[in-house]
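Enquirer: A structural model of the following input is requested.
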Amino acid sequence: MKEVKIIISIFSFFLLFQTSVTFSQGIGDGDNTGSGDLIFNQRIPNSIQFIKHNDSPYAILVEKYSQKLFLFSIKDNFQLLKTYNCSTGRVTGNKKESGDLKTPEGIYYFSEIKEEGELDSKYGVRAFVMDYPNRFDQVEKRNGFGIWLHATNEPNRTMLPYNTQGCVIVNNDDIMELSKYITVNRTPIIVENEINYSYPEQTTTESDRIEIFINNWIKSWKSRDINKYMQNYYKHFYSEKKNWRRWRNYKRKLFSNYSDIEVIVEDLSILKKDNNFIVNFRQKYISDQYSDYGIKRLYLYKDTEDFKIIGEEWEEAGTLAEGESGKIKSEQEKKEKAVQSLTVEGEIKDFLDNWIKSWESRDINKYMENYSKSFISQNLNLRKWRKYKDGLFEKYGRINVDIEELKISKNENDFIINFKQKYISDDFSDYGEKVLYIHKDDGKFKITGEEWEDIKPFFAKEKEGISNGR
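Expert: Sure thing, here's the model as predicted:
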């Protein structure tokens with residue numbers, strides 16, 4: 001019986017994967033080609049969900065488990081251009097130290113190109129040097145060097161899995177083809193044991209929180225409040241040969257020298273590997289004495305629910321044109337309004353998450369903490385609503401609630417929240433549109449009313465009286 005279940009599970013996974021990617025003819029010929037348009041509402045690798053094409057139009061993903069290298073285009077829509085055979089380190093697992101024969105797992109960039117004339121013949125016609133160990137590796141005290149994406153003069157070597165000293169290798173023809181899509185210090189190469197995929201809407205909350213973090217970091221920078229500013233930085237932060245303490249002293253001096261600071265961030269692009277994030281953006285900086293423009297790269301680490309900066313890199317692109325100061329102030333005002341809207345949206349999502357958790361846990365006290373004293377729905381006031389819900393919580397041993405297509409409307413401290421809701425319990429399930437009326441008072445959200453409209457019941461056994469569960 002167990003064997004039957006395993007076969008069914010594998011077949012189900014295969015069907016899910018096939019429906020997630022729509023394939024079309026790619027570049028090149030042969031078994032090595034497997035390309036396809038990733039339609040926007042289909043699954044995308046988690047690591048590149050929020051990369052922007054103006055940061056890098058292409059991304060390379062290496063999956064050690066399958067010994068495959070995937071080339072993605074980020075232009076317009078995500079598109080899998082081609083799949084290549086590759087080989088990685090002889091020893092499985094993440095690299096920890098020099099000589100362990102493991103391929104590091106993480107987000108990397110190419111720092112240098114080595115051509116055939118400067119390479120030993122075993123490296124083939126070209127090699128791209130990866131920036132291992134990066135800031136994440138240094139914090140984790142991983143060491144080693146000489147991790148490359150390179151070619152091989154042995155055509156069959158890429159057919160032998162786990163056959164390198166830690167590098168990623170592809171065939172000569174493949175490295176030359178890949179070269180057309182690689183820009184030094186721009187094109188990421190993300191190495192994972194197994195690539196995880198998800199739908200874009202499943203991960204938007206995390207990207208929203210990173211945007212909120214970045215905006216709060218900018219606010220503390222503009223305010224020149226050194227204590228708030230440094231709260232954004234990890235204790236093991238290191239940048240420009242400065243640790244956390246020296247960075248604080250350096251920034252404190254700048255804050256005291258400048259009386260006015262404006263910062264504009266554009267084209268935010270996010271890469272992810274587990275709890276590590278690389279955030280790239282174009283940054284405009286202007287103060288009363290100095291201004292510049294360039295590309296910034298932040299290395300973020302997520303500790304529980306908090307993001308911390310563990311490293312920064314900066315590439316100057318030039319100085320701001322005359323008159324840009326006034327333009328920046330105007331842009332900043334628009335940006336601040338957008339930030340306020342984004343912050344409120346994040347708070348609403350957190351409120352809904354807690355509301356759902358209390359509902360699923362069937363904890364009537366925590367659940368009712370989300371409701372206003374003036375609440376009324378389906379002709380029930382707060383007291384009657386509590387009694388009604390308490391009865392349902394006692395009746396059902398399991399409750400699961402999922403929401404999607406969230407829309408938020410705001411009028412000062414009043415909010416109208418629309419979403420589609422799936423409800424499943426032991427004995428009743430349905431699907432429909434819900435409207436929550438929420439009022440914010442003293443910084444707290446409270447539900448003042450609810451509306452519900454069935455779209456499609458799943459397997460309703462009970463439909464009498466007030467709709468069950470919702």
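Enquirer: which parts of stretch 355-367 are buried?
Expert: 355-356, 358-359, 362, 364, 367 (16 or more other Cβ atoms under 10 Å). C-betas here are computed from N, CA, C, even on glycine.
Enquirer: would CSV of those residues with distance to Ile218 be doable?
Expert: CSV is the format used below for those (distance: Cβ to Cβ, whole Å):
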residue, distance to Ile218
Trp355, 30
Ile356, 31
Ser358, 34
Trp359, 36
Arg362, 42
Ile364, 42
Tyr367, 37
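Enquirer: want to throw these into CSV with pLDDT, secondary structure and distance to Lys82?
Expert: Below are the buried residues of stretch 355-367 laid out as CSV (pLDDT from 0 to 100; DSSP: H, G, I helix; E, B strand; the rest coil; distance: Cβ to Cβ, whole Å):
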residue, pLDDT, secondary structure, distance to Lys82
Trp355, 93, helix, 45
Ile356, 92, helix, 41
Ser358, 91, helix, 48
Trp359, 91, helix, 46
Arg362, 90, coil, 50
Ile364, 92, helix, 55
Tyr367, 94, helix, 51
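Enquirer: what is the nearest of those to Leu436?
Expert: Trp355 (8.5 Å; Cβ to Cβ).
Enquirer: which segments of this structure make up each domain?
Expert: As assigned by automatic domain parsing, the chain contains the domains 22-198, 203-320, 350-454.
Enquirer: ends of the last one, how far apart?
Expert: The reference is to domain 350-454. 25 Å (Cα to Cα, to the nearest Å).
Enquirer: on that earlier part again, from the buried residues of stretch 355-367, pick the one nearest Phe110.
Expert: Ile356 (43.1 Å).
Enquirer: list the contacts of the closest residue in space to that closest one that isn't next to it in sequence.
Expert: Leaving aside its sequence neighbours, Ile356 sits nearest to Val401 (Cβ to Cβ, 6 or more residues apart in numbering; 5.0 Å). For Val401, the contacting residues are 356, 359-360, 421-424, by Cβ atoms under 8 Å, 6 or more residues apart in numbering.
Enquirer: and Phe281, by the same measure?
Expert: 214, 265-269, 295-296.
Enquirer: burial measure for Pro45, as a count.
Expert: For Pro45, the count of nearby residues is 22 (other Cβ atoms under 10 Å).
Enquirer: likewise Tyr109?
Expert: If we define neighbours as other Cβ under 10 Å, then Tyr109 has 24 of them.
Enquirer: got it, and Asn280?
Expert: 23.
Enquirer: the helix or strand that contains Phe70 pairs with which strands, parallel or anti?
Expert: For Phe70, the element it lies in under DSSP states H and E is strand 68-73. Strand 68-73 pairs in its sheet with strand 58-63 (antiparallel), strand 79-85 (antiparallel), by DSSP bridges.
Enquirer: what about the shortest one, distance to the chain center?
Expert: The one in question is strand 58-63. Offset of strand 58-63 from its chain centre (Cα atoms, centre = their mean, to the nearest Å): 16 Å.
Enquirer: tell me the buried residues in it?
Expert: For strand 58-63, by 16+ other Cβ under 10 Å, it's 58-63.
Enquirer: mind putting the domains of the chain into a markdown table with distance to Val344?
Expert: Below are the domains of the chain laid out as a markdown table (distance: least, Cβ to Cβ, whole Å):
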| stretch | distance to Val344 |
| --- | --- |
| domain 22-198 | 21 |
| domain 203-320 | 10 |
| domain 350-454 | 7 |
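Enquirer: quick one: low-confidence residue ranges for the chain.
Expert: 1-41, 54, 76, 201-203, 318-343, 456-470 (pLDDT under 70).
Enquirer: what about 50?
Expert: Applying pLDDT under 50 to the chain flags the ranges 1-41, 322-323, 325, 328-329, 457-470.
Enquirer: circling back to that earlier point, for the strand holding Phe70, list the C-alpha coordinates in PDB.
Expert: Provided in PDB are the C-alpha atoms of strand 68-73 (Å, rounded to 0.1, in the frame of the first residue of the first chain):
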ATOM      1  CA  LYS A  68      21.500  21.000 -14.200                       C
ATOM      2  CA  LEU A  69      22.200  24.600 -14.900                       C
ATOM      3  CA  PHE A  70      19.200  26.800 -15.900                       C
ATOM      4  CA  LEU A  71      19.400  30.100 -17.800                       C
ATOM      5  CA  PHE A  72      16.500  32.500 -17.200                       C
ATOM      6  CA  SER A  73      15.500  35.700 -18.900                       C
END
